[in-house]
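*Asks:* pasting a predicted model and its sequence here:
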Amino acid sequence: MTDLTSLTIAEARSGLASKSFTSLELTDAHLAAIEAARSLNAFVLETPDQARAMARTVDAKIAKGEGGPLAGIPLGIKDLFATKDVRTTACSKILGNFVPPYESTVTSQLWRDGAVMLGKLNNDEFAMGSSNETSCFGPVVNPWRREGSNTALVPGGSSGGSASAVAALLCMGATATDTGGSIRQPAAFTATVGVKPTYGRCSRWGIVAFASSLDQAGPIARTVRDSAILMRSMAGHDPKDTTSVDIGVPDYEAAVGKSVKGMKIGIPKEYRLDGMPAEIEKLWSEGAAWLKAAGAELVEVSLPHTKYALPAYYIVAPAEASSNLARYDGVRYGLRVPGRSIGELYENTRAEGFGDEVRRRVMIGTYVLSAGYYDAYYLRAQKVRTLIKRDFEDCFAKGISAILTPATPSAAFGVGEKGGADPVEMYLNDIFTVTVNMAGLPGIAVPAGKDAQGLPLGLQLIGRPFDEETLFSLGEVVEQAAGRFTPPRWW
Amino acid sequence: MTVSVKPGKLIKGQTGDWEVVIGMEVHAQVTSKSKLFSGASTEFGGEPNSHVSLVDAAMPGMLPVINEECVKQAVRTGLGLNAKINRRSVFDRKNYFYPDSPQGYQISQYKSPIVGEGEIVVELDGGKTATIGIERLHLEQDAGKSLHDQSPTMSYVDLNRSGVALMEIVSRPDIRDAEQAKAYVTKLRSILRYLGTCDGDMEKGSLRADVNVSVRKPGGPLGTRCEIKNMNSINFIGQAIEYEARRQIEIIEDGGTIDQETRLFDPNKGETRSMRSKEEAHDYRYFPDPDLLPLEFTQSYVDELKAKLPELPDQKKARFIESLGLSAYDAGVLVAERESAVFYEAVLDGLADKARDGKLAANWVINELFGRLNKEGHGITASPVSAAQLAAIVGLIGEGTISGKIAKDLFEIVWQEGGDPRELVEARGMKQVTDLGAIEKVVDDIIAANPDKVAQAKAKPQLAGWFVGQVMKQSGGKANPQAVNDLLKTKLGI
């Protein structure tokens, strides 16, 4: 039998349906792969017993012809998603051994459709980071290495565990979340496909909140088709999240392979940064050429407020985070470090429980919301946000179907290499992705090539609100042209 | 909206008269089955932490969902306060750390409240009224309760109240003395209870007031205010204002200045004391709650609620005066408490002739029934005499079956023993004698037996009253007084 872990979800689905193998076999193959890849530190909790139990149950269903759209597919779950009776920490010490008595809406929909949970995936603490180095469980290692080098590279973040595990064939797909690029940047760093859906497309209920107005769950998978398959199960209206939108969930997979002929693709001039590496520039041109060859029309467009997006993001996101993280106070659950007064208990618990980056953002957020600074920072940033949104609206009003940009300004970097002296150096990773969150739009990162050192690079496609389908169609064109990339196994 | 402010009682200081300026923030618990943003029960008095959902406990990843019933109640209250309803409002987070605030913030409405400016008319002593402006009403979450007396080393937290919907109703600084302040809370409470949007139970904490007090020379610029927090009794509000105003006047007259601060009223000592100064005030870092979309509804939604509003005390009072001829005072007394009005209207419903007996019924409710209830310390809802029974008694008087005097005896019997007043009148022979022949015989007998009195009465008609008394006495009080009077006038020729 070929290595079951190298199958795509679509392939595994056929194999399971034709009874070539069982979900239990598929699950066991992945559990073995996880065990052999602990050096990547992608999983923070392996749930083999639960995985096998779920696989057996779903095998019985498949036998009766009752399997759902994801029947028997083993997945990894970012530790930001609450999983009932399974430890959920957001990779923060402050949640300690928190075991939620509830299941997030998104994961419950995956289980409803027959998926199998392999375990919980590493991420930056509270999803704050672009390298998966802020996790209290330590950094995740990228399965990709520079050619001829053993230097450990980061998988990007915050969904570094998800990207790393999917790229290293530890799970067939993974849930992830994206607040400023946390799905798309790690996908680009690991040659996986990452989808950040339109804000409101997936329920946020049961996902540990970072910045509520920006957070959105989405899949990371190895192909565009697989990401479309996962999206269909993850998306949907949830009355428990009033920001989720009541629009029917289309058959995203049907959009994969659909012609893109006649589509107008915007190439935003503001994304051409000074000092942008030539290989990123080249990748971008190549991507445009592929789309053109597939019958799409390229149009230069302007998104004039792009340069304000990152600074505005680093006001809005920390502001919301400072408030969202106030509940981690040592009173009801998670870590408690006692003190002589309630004030001391708060201080001790939060000082001990939060890592540096989280503390930094809580302080920035508290500052920008405080009396006397609110108007200058928070209110201003919200105005910028409106302008960014309008840039995109103007663009789409001119008949643009989607916008093509690089996904990241560089390929993966070494663990410990960036942000040590200046956090902004790390924040710049999200320069191409944050605008999408600020505007609430859908975005997809698709592997498109490699840099001179053999590291994967990705392209990003940005779509109209709730038009993920067009992104899947265009993403498929890129994937077909660029081919797929698998890291050589060294672990 | 400008309201002409009613001058209040001035306070005499050493340097002359002082005027008190008062504004109030009333927190009224919304009457609803479940909390503002969760499905947990709002029931009072449950075991600690028995009405707590995952949202109320602020578990990771939990999201608030607005309870539409609470929105309705807020809109209805706004309509009852003659206020502007804002069809778009925004929920904000008020950030602060406290163990009984599990989210680390309270969801409230800061810049865009659901209800804007309105006004209410309040009743003062001597039938006077004052109009008090309402600045706004907004929805917000109540906090839980910290229990500090359960353990020597720990505090406990009960989250049953956490997340229960409150309406914060903010008045304009239009209140000028303690009496107006008490009348304001009384009237507001009455309106809420009529609407059924808050039970107004101050003992249970369903209605609490923060009172802002400052003093100034009449007509002068506003003084620095102090806020007296969490008042849960109308009488205490009055006492606290009196104390606080005098305290401020003394400080100013001694050459001092008032520090803006938050104070607490100690009902045992009758004093206010400092809780925290302005410098210690929290920076709440308000910002729009990103978990909640702005709250929006249509004008037709408002109109529909408006059409279904119950009659409110002012309207009811006007109707009682207009259609039943009650005095403004009587009508005011009857409508002040919703239960009283309900009782009175039930009495009206039991009357065969409302036009004839409505006013009499009001007298009976106010004087006989309320008087007796007060004496016994009963509330109207615990009245031993039902509305139907009282209606029967009033009806018996109105139709002339019994006299007012007999009616009082009958009322006493019903109070003590219960029973159908009509049957009691029959069974105990309390019926008024209207048989003219029988009364005439008694009148004739008395006139015949007392020629001297007849002569006196002819000379001085006022003395005819003596005859009335005699007739009533002989008839055991049952003779119809009007018939007796008429007969005597004819017979005596006066």
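*Replies:* Great, that's in hand. Just so you know, these numbers come straight off a predicted model, no measurement behind them.
*Asks:* just the element for the residue lying closest to B:Asp420 once chain neighbours are set aside, please.
*Replies:* Once flanking residues are discounted, B:Asp420 sits nearest to B:Ala392: 6.9 Å by C-beta to C-beta, 6 or more residues apart in numbering or on different chains. Bear in mind the C-beta positions are built from the backbone N, C-alpha and C, glycine included. According to DSSP states H and E, B:Ala392 maps onto helix B:387-398.
*Asks:* contact partners for the residue nearest to B:Asp420?
*Replies:* B:Gly350, B:Asp420, B:Pro421, B:Arg422 (C-beta atoms under 8 Å, 6 or more residues apart in numbering or on different chains).
*Asks:* you'd agree the last one is up against B:Val394?
*Replies:* No - with contacts counted by C-beta atoms under 8 Å, B:Arg422 stays clear of B:Val394, the gap being 12.0 Å.
*Asks:* what does the nearest residue to B:Arg172 once chain neighbours are set aside show for phi and psi?
*Replies:* Computed as C-beta to C-beta, 6+ apart, the closest residue to B:Arg172 that is not its neighbour in sequence is B:Gly133, at 3.5 Å. Per-residue torsions, B:Gly133: phi -80, psi 140 (degrees, to the nearest 10).
*Asks:* one more: A:Arg360?
*Replies:* According to degrees, to the nearest 10, A:Arg360 has phi -60, psi -50.
*Asks:* for stretch A:236-244, the distance to its chain's centre please.
*Replies:* Taking C-alpha atoms, centre = their mean, to the nearest Å, one finds stretch A:236-244 lying 20 Å from the centre of the chain it belongs to.
*Asks:* between B:Arg422 and B:Val394, tell me which one has more neighbours.
*Replies:* B:Val394 (28 against 15; other C-beta atoms under 10 Å in any protein chain shown).
*Asks:* tell me the contacts of the more buried one?
*Replies:* Contact analysis of B:Val394 by C-beta under 8 Å, 6+ apart lists B:Val347, B:Leu351, B:Asp357, B:Leu360, B:Ala361, B:Trp364, B:Ala407.
*Asks:* if you set the cut-off to 6 Å instead, what comes out?
*Replies:* The contact partners of B:Val394, taken as C-beta atoms under 6 Å, 6 or more residues apart in numbering or on different chains, are B:Asp357, B:Leu360, B:Ala361, B:Trp364.
*Asks:* same question for B:Asn232.
*Replies:* B:Met202, B:Arg208.
*Asks:* again, only using 7 Å
*Replies:* Neighbouring residues of B:Asn232 by C-beta atoms under 7 Å, 6 or more residues apart in numbering or on different chains: B:Met202, B:Gly205, B:Arg208.
*Asks:* tally of neighbours for residue 314?
*Replies:* Since no chain was named, I'll use chain A. Each residue near A:Tyr314 was counted by other C-beta under 10 Å, and the total is 21.
*Asks:* meant chain B actually
*Replies:* B:Asp314 is flanked by 20 other residues according to other C-beta under 10 Å.
*Asks:* next, the buried residues of the helix or strand harbouring it.
*Replies:* B:Asp314 is part of helix B:313-324, with elements assigned from DSSP H and E. Buried positions in helix B:313-324, judged by neighbour count with 16 or more other C-beta atoms under 10 Å in any protein chain shown: B:Pro313, B:Asp314, B:Lys316, B:Lys317, B:Phe320, B:Leu324.
*Asks:* for the nearest residue to the fifth one once chain neighbours are set aside, grab phi and psi.
*Replies:* It stands for B:Phe320. Computed as C-beta to C-beta, 6+ apart, the closest residue to B:Phe320 that is not its neighbour in sequence is B:Ala331, at 4.0 Å. Main-chain torsions, B:Ala331, degrees, to the nearest 10: phi -60, psi -40.
*Asks:* A:Val44 too?
*Replies:* Torsion angles, degrees, to the nearest 10, at A:Val44: phi -100, psi -10.
*Asks:* how about the residues of the stretch 101-250 of chain A near chain B?
*Replies:* A:102, A:104, A:204-209, A:212-213, A:239-243 (C-beta under 7 Å from any C-beta of the partner chain).
*Asks:* which residues touch the very next helix or strand once past the helix holding B:Ala392?
*Replies:* Stepping forward along the backbone from helix B:387-398, the first helix or strand reached (DSSP H and E) is helix B:404-417. Outside helix B:404-417, the residues that touch it by C-beta under 7 Å, 6+ apart are B:368, B:372, B:384-385, B:389, B:393, B:396-397, B:402, B:421, B:424-425, B:430, B:432, B:477-478.
*Asks:* repeat for stretch A:235-248
*Replies:* Counting by C-beta under 7 Å, 6+ apart, A:105, A:109, A:197, A:200-205, A:249, A:466, B:63, B:65-66, B:291-293 sit against stretch A:235-248.
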